[in-house]
Every structure is written in C-alpha cells, then in structure tokens.
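> structure, please.
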Amino acid sequence: MNARNTLGINEKGHLSIGGADCVDLAAEFGTPLYVFDEAYIRTMMSVYRDTIAREYGDGLVLYASKAFSCEAIYAIAREEGIGADVVSGGELYTAMQAGFPAEKICMHGNNKLPRELRYALDCGIGLIVVDSDSEAEDLERECAARGRRQDVLLRINPGVEAHTHAYVQTATPDSKFGFSVASGAAKSMTEHILRCPHLRLRGFHCHIGSQIFEKSSFAVAAEKCLAFMAQLRDTLHFEADTLNLGGGFGIWYTDKDEKFTPEKYADYLRTLIRAVKEGCARFGLGLPRLMIEPGRSIVGEAGITLYTVGAIKEIAGIRKYLAVDGGMFDNPRFCLYRSEYTAVLANRAAEPSRELVSVAGKCCESGDLIGVDMALPKAERGDLLAVLSTGAYNYSMASNYNRNFIPPAVLVKDGKAEYIVRPQTPEDLVRNDVLPARLRR
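Sure thing, here's the model as predicted:
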C-alpha cells in the first residue's frame with residue numbers, strides 16, 4: 001500500500017485509517033462501507049492551494065466534484081479556501097446546500113441542460129465553461145433576459161494525447177468535449193463569444209485526460225494553450241486573463257503505479273507552473289489567472305471501501321473467487337475500465353500474501369468483479385476485505401443495480417468517525433416508485 005501517517009497497519013495487525021481501526025469501523029457501521037480520511041483530503045487541498053499561491057500568485061484550485069460529491073466534501077473545500085468545479089445541476093445544488101461560495105464555482109459539461117444553466121445563473125456562480133455553439137446561444141439569451149453578463153471560459157482541445165486509458169482521454173481531436181485548436185473551430189467559437197454582449201470571455205479551459213503521471217503532457221498542453229492565446233491576441237486583439245488547465249493527476253492504485261507523496265504532487269504542479277511562466281515569457285503574454293481542477297488526487301487515496309468476505313469458490317486449476325457483500329454497484333470501475341486495485345485483509349493486514357484470487361461482487365452479472373489476481377493471505381468467510389484508493393469515482397458512480405443499497409460513507413479524523421452519507425433503507429429503494437391504481441391489489 002501507499003502508506004502514510006494516517007494509513008497503515010496498527011499494533012493489532014489491523015488496517016488503520018485516520019487513526020481508526022478498520023475492524024472497529026466495520027463493527028460500528030457495517031459493510032460495505034466507504035471510509036474517507038479527512039486529514040489526507042485537507043493535506044492535498046492545501047498542497048495545491050499553497051503551491052499555486054507561493055510559486056505563481058494569482059490562481060485558484062477547483063475541487064473536481066465528479067470524483068466525489070457530498071455536502072461534507074464541499075464544506076471541507078470551503079474551509080480550505082479552494083473553489084469547486086461542478087458538471088451538473090445536482091452537484092451545484094449539493095455545493096450550494098453546503099454553503100459553498102458561488103463565486104468560486106466553475107460549471108462544466110458538454111450538454112448543460114437549460115434548467116441547469118438557469119440555476120447556475122440564479123446562484124451567481126463565478127464561471128461557466130462553454131462547450132458548444134448552442135450552449136453559448138442559450139446562455140446569451142438567459143443572461144439577456146436577466147440583464148446581466150456572465151463570465152465564461154471556452155473549452156478547447158489543444159491536441160495533446162495524454163498517456164492514459166482511451167476512455168478517459170478528453171483532448172484528442174475526436175472528443176465530445178471542447179473545440180479543436182488545429183481545425184480552427186476554437187478560434188471561430190472565440191469570435192462568436194466575443195460578439196455576445198452578455199457573455200464576458202475570460203479565457204480558456206482544457207483537460208487532457210485522467211490518471212496521468214507523465215509531467216510533460218501537462219507542460220505541452222500549457223504550451224499549446226498559450227500559443228493559441230498569443231494567436232488570438234495578434235489576430236483578434238483579445239488577450240485572455242484566465243487559463244484553466246484542468247486536472248488528471250494520477251494516483252497509486254497498485255504497485256504498477258508510482259507512489260506519490262503530497263510533496264511530489266507539489267512538484268508536479270511546480271512543473272506546470274514553470275511551463276506557464278516560460279510560455280508567457282516566450283509569447284509576450286501577461287501571466288493569466290491559473291486554475292487547476294484536481295479531484296482524484298485529492299480524494300482517491302483518501303478513501304477505502306470495506307467489505308465482508310462471504311462465499312468462497314475454487315475452480316480447480318482455473319480460479320479462486322472470494323465473494324464480498326458489495327460489487328459493481330459500489331465500484332463499477334473494473335467492469336467499465338478494467339481498473340486495477342490493491343486489496344488487503346483489514347483484520348489480518350500484517351500477514352503475508354499467499355494466493356491470488358478474484359474478488360467477486362454479489363450482483364447477478366458474470367462481470368461483477370472488483371479485481372482479478374489480487375494477492376491476499378488465505379481468506380476465510382467473515383474476514384474483512386479493504387480495497388484501497390476507492391475515494392474517487394466509486395461512490396459518485398455507484399448505483400442501486402439489482403436493488404442493492406449504495407453503501408454509506410464515513411469521514412474519519414483523529415480516530416473518530418461519523419457519517420457523511422447515511423445508509424440507504426428499503427424505503428429509499430421504492431421511494432420514487434409509483435404503482436398505478438389498476439395494478440393495486
């Protein structure tokens with residue numbers, strides 16, 4: 001595991017997170033259970049915030065809500081003095097419910113619904129990222145009706161191919177996101193927005209992908225964005241004052257991944273900042289306000305999921321399955337991306353691994369797996385299995401498939417845990433069901 005002072009093995013040989021024994025957490029809250037380490041979340045937020053402030057100056061960290069969204073995470077971000085990016089009306093509503101400052105919210109999305117745009121304007125959020133021609137028209141119309149101007153960014157594709165899974169590459173020429181710089185679409189859209197009297201174009205946004213460890217990808221993206229900004233200055237006499245370079249910093253899932261400390265992430269950001277400064281000097285641009293959008297790297301390793309081992313099935317000469325009380329309904333990423341994870345027996349965390357197993361979920365799906373060939377001690381029914389680095393894109397992508405419950409989430413700090421997402425009940429599963437009168441008995 002990528003151990004730290006708030007994640008490791010305690011004197012009982014149990015996995016410990018945030019000063020709490022995972023065996024005790026399972027006994028108190030049950031399984032499956034999402035567990036989040038508050039101290040690590042705050043550390044990562046402050047590392048990004050302080051590095052920009054110290055090394056660059058005018059900038060803003062925006063927590064990428066899609067990684068994990070609930071009122072508590074917005075409250076922590078608010079206390080840490082960072083902003084947030086949201087990609088739906090639901091994420092925006094959650095942030096507003098938590099008392100998050102609207103002026104520090106940036107809204108994304110390739111197909112923002114009219115009601116979402118109206119809600120964003122009513123909330124008075126700081127920035128809206130324009131991602132289509134029709135969206136610019138809708139936004140101009142809504143702003144005109146309100147007699148106000150809205151600050152916007154334009155999402156562009158700089159043509160950088162990040163080294164990551166094809167499904168999470170978002171800045172190649174063939175993408176549902178943004179406007180291509182190479183094709184001229186980005187420049188044409190810039191001209192269009194500049195003609196909109198109720199939209200104030202502040203600058204540009206790009207996001208080149210996710211789970212990226214290669215620093216050079218971000219530096220190249222910054223270079224291409226700045227070159228485009230210089231072109232617009234020279235041809236349209238428009239000089240952008242904001243550059244949002246997105247997120248996508250990688251985290252440790254297995255020992256195939258590099259183990260990053262908070263200081264390494266600070267160095268990652270320093271590389272990006274250096275590229276922006278050098279690019280601005282080369283093109284004769286003033287330093288724009290710099291924004292980044294880390295999400296996974298803030299909450300990913302801060303979260304683990306606890307399960308109880310149930311059925312154990314060994315197919316001689318083929319595979320051994322450990323079935324747990326969760327599955328693809330609380331972690332669909334293996335099914336979607338073949339994402340790999342590391343698991344430990346939380347109640348026997350100090351024991352060496354002795355076998356390779358596939359961890360199966362309880363859904364009625366052959367593909368319902370958490371992982372294959374996961375190294376563990378010889379497990380028994382009732383053991384407590386912890387899957388590490390599940391803080392990002394697990395709860396946020398969870399479902400009630402097979403009418404299973406989405407697990408609750410707890411926040412742990414200094415050994416004390418409390419709910420940040422309550423357990424679902426059977427009533428929650430049928431709350432929105434409607435039984436027509438003709439079908440009632």
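> list the contacts for the residue lying closest to G83 once chain neighbours are set aside?
Distances taken as C-beta to C-beta, 6 or more residues apart in numbering place K104 nearest to G83, at 3.7 Å, with adjacent residues excluded. For glycine as for every other residue, the C-beta is placed from the backbone atoms N, C-alpha and C. Neighbouring residues of K104 by C-beta atoms under 8 Å, 6 or more residues apart in numbering: L60, L62, I82, G83, A84, G126.
> just the residues you listed: which are in helices?
The helices, defined by DSSP state H, take in nothing from those.
> which of these ranks first by neighbour count?
The residue in these with the most neighbours, by other C-beta atoms under 10 Å, is A84 (30 neighbours).
> what bridges to that one?
When bridges are called by DSSP bridges, A84 pairs up with Y63, I105.
> quick check: it touching L60?
No - the pair A84 / L60 is not scored as a contact, 10.1 Å apart, by C-beta atoms under 8 Å.
> and the residue nearest to G83, how close does it get to T43?
Between K104 and T43 the computed distance is 20 Å (C-beta to C-beta, to the nearest Å).
> repeat for S217
Per C-beta to C-beta, S217 is found 25 Å from T43.
> T305 should be in a strand, yeah?
Yes - membership of T305 in a strand is supported by DSSP: H, G, I helix; E, B strand; the rest coil.
> show me the residues around it that make contact.
Applying C-beta under 8 Å, 6+ apart, we find T305 in contact with P32, L33, Y34, V35, G326, D330, N331, A386, V387, T390, N394, P407.
> quick one: which of those residues sit in helices?
Using DSSP H, no member of the contacts of T305 sits in helices.
> what comes up buried for the helix or strand hosting E116?
Under the criterion of DSSP states H and E, E116 resides in helix 114-123. By 16 or more other C-beta atoms under 10 Å, the buried positions in helix 114-123 come out as E116, L117, R118, Y119, A120, L121, C123.
> doesn't A311 make contact with K320?
No - using C-beta under 8 Å, K320 makes no contact with A311, being 11.4 Å away.
> just the helices from the protein, written as ranges.
Using DSSP H, helices in the chain cover 22-29, 38-55, 71-79, 89-97, 114-123, 133-146, 185-194, 215-236, 262-283, 296-299, 333-337, 426-430.
> show me the contacts for the residue nearest the centre of the chain.
Among the residues of the chain, the one closest to the centroid is A67, at 2.3 Å (C-alpha atoms, centre = their mean). Applying C-beta under 8 Å, 6+ apart, one finds that A67 lies in contact with G295, R296, I298, V299, G300, G391, A392, Y393, S396.
> how deep is the third one tucked in, by neighbour count?
Okay, so that is I298. Using other C-beta under 10 Å, I298 has 32 other residues around it.
> do the same with the fifth one
Here the count is done by other C-beta under 10 Å, and G300 has 26 residues near it.
> now the last one
When neighbours are counted by other C-beta under 10 Å, S396 registers 16.
> now it: closest residue in space that isn't a chain neighbour?
S396 sits nearest to F68 (C-beta to C-beta, 6+ apart), 5.4 Å away.
> repeat for the third one
Spatial nearest neighbour of I298, excluding adjacent residues (C-beta to C-beta, 6+ apart): M44 at 4.4 Å.
> per-residue pLDDT, that neighbour?
Looking at M44, its pLDDT reads 98.
> A98 too?
98.
> number of residues surrounding it?
Neighbourhood size, A98 [other C-beta under 10 Å]: 18.
> who's in contact with it?
Applying C-beta under 8 Å, 6+ apart, the residues near A98 are E71, A72, Y74, A75, R78.
> and the third one, what's its pLDDT?
The per-residue pLDDT reported for Y74 equals 98.
> can you give me the neighbour number for it?
If you count neighbours by other C-beta under 10 Å, Y74 ends up with 23.
> how close does the closest residue in space to it that isn't next to it in sequence sit to D368?
Of all residues not flanking Y74 in the chain, A98 sits nearest, at 3.8 Å (C-beta to C-beta, 6+ apart). Taking C-beta to C-beta as the measure, A98 falls 33 Å from D368.
> now A182: closest residue in space, sequence neighbours ignored.
Excluding the flanking residues, the one nearest A182 by C-beta to C-beta, 6+ apart is G159, at 5.2 Å.
> can you check E258 too?
If the residues on either side of it in the chain are set aside, E258 comes closest to F213, at 5.6 Å by C-beta to C-beta, 6+ apart.
> the one you found and G250 touch, don't they?
Yes - F213 is in contact with G250 according to C-beta under 8 Å; the separation is 4.2 Å.
> when those two are compared, which one has more neighbours?
Taking neighbours as other C-beta under 10 Å, F213 and G250 compare with G250 leading, 22 against 17.
> ok, the closest residue to D58 other than its chain neighbours - contacts?
Spatially, and ignoring its direct neighbours in sequence, D58 is nearest to R289 (4.9 Å; C-beta to C-beta, 6+ apart). Residues near R289 by C-beta under 8 Å, 6+ apart: D58, G59, L60, R202, G203, D241, T242, L243.
> what is R289 paired to in the beta sheet?
Here R289, judged by DSSP bridges, has bridge partners T242.
> output the below-cut-off pLDDT ranges for the stretch 101-250 of the chain.
161-174 (pLDDT under 70).
> same check on the stretch 251-400 of the chain?
Ranges of the stretch 251-400 of the chain meeting pLDDT under 70: none found.
> break down it into its strands, ranges please.
Using DSSP state E, counting those that start in this stretch, the strands found in the stretch 251-400 of the chain span residues 289-292, 303-315, 319-324, 343-345, 355-360, 369-376, 384-388.
> now those strands as a markdown table including distance to G8?
Below are the strands of the stretch 251-400 of the chain laid out as a markdown table (distance: least, C-beta to C-beta, whole Å):
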| stretch | distance to G8 |
| --- | --- |
| strand 289-292 | 29 |
| strand 303-315 | 12 |
| strand 319-324 | 22 |
| strand 343-345 | 11 |
| strand 355-360 | 22 |
| strand 369-376 | 18 |
| strand 384-388 | 11 |
